[in-house]
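S.K.: here you go, sequence then predicted model.
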Amino acid sequence: MSRKKKRETPEWQWEQALIDAYYDYRYHQVLDPLHDQFLRWKAGELSHLEIDQAIHRTHKQNQELYGLFTENRAYLVGLIQFDHKWFGEWVKDHPPPEGIELVPQALKSSADIEETKDE
C-alpha cells in the first residue's frame, strides 16, 4: 500500500493555497503604496528624501511580514483565519477539504463577535 506524501494531500494543498493567497494579499498591501510612491518620485512629486523614507518604512513592514510568514505552518494557517474580512471572502471560493477544522470564530463577522461579547 503506497502512502501519499504529505504535500499531495488535499489538506496540505488547501493550506498552501491559503498561505499563498494571503501572502500575495499582504505583500500587495505593503508594496503597492511603495510602487505608487515610486511613480510620484519619478514624476518629480516626491524628493529623494521622501522616497528614501518610504523605502525604509516599507522595509520595516516587509520584515514584519517575513516574520509572520516564517511562523509554524499550523499557527500561520490559524492566524490567517482571524483576518475575518479577507478569510471570509477567500474561504467562500476555497472551502476546506474534509479533515480541516477551521478556527471557530474565524468565520464569524466582527459584528457577530461583538454581539457575543455583549451577551
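M.R.: That came through, no problem. Numbers count the residues shown, from 1 in each chain.
S.K.: tell me the helix or strand right after the longest helix along the chain.
M.R.: If you go by DSSP state H, the chain has its longest helix at helix 10-42. Toward the C-terminus, helix 10-42 is succeeded by helix 48-69 as the next helix or strand (DSSP states H and E).
S.K.: what helices and strands are in contact with that following helix?
M.R.: Under the contact definition 3 or more Cβ pairs under 8 Å, 6 or more residues apart in numbering; DSSP states H and E, helix 48-69 sits against helix 10-42, helix 73-80. Yep, even glycine has a C-beta here, placed from its N, CA and C like the rest.
S.K.: just how off-centre is it within its chain?
M.R.: Helix 48-69 sits 17 Å away from the centroid of its parent chain (Cα atoms, centre = their mean, to the nearest Å).
S.K.: now do stretch 38-57
M.R.: 26 Å.
S.K.: could you do stretch 10-24 as well?
M.R.: 10 Å.
S.K.: what about the nearest residue to residue 38 once chain neighbours are set aside, distance to residue 42?
M.R.: Using Cβ to Cβ, 6 or more residues apart in numbering and skipping the chain neighbours, the partner closest in space to residue 38 is residue 51 (6.8 Å). Distance of residue 51 to residue 42, given as Cβ to Cβ, to the nearest Å: 9 Å.
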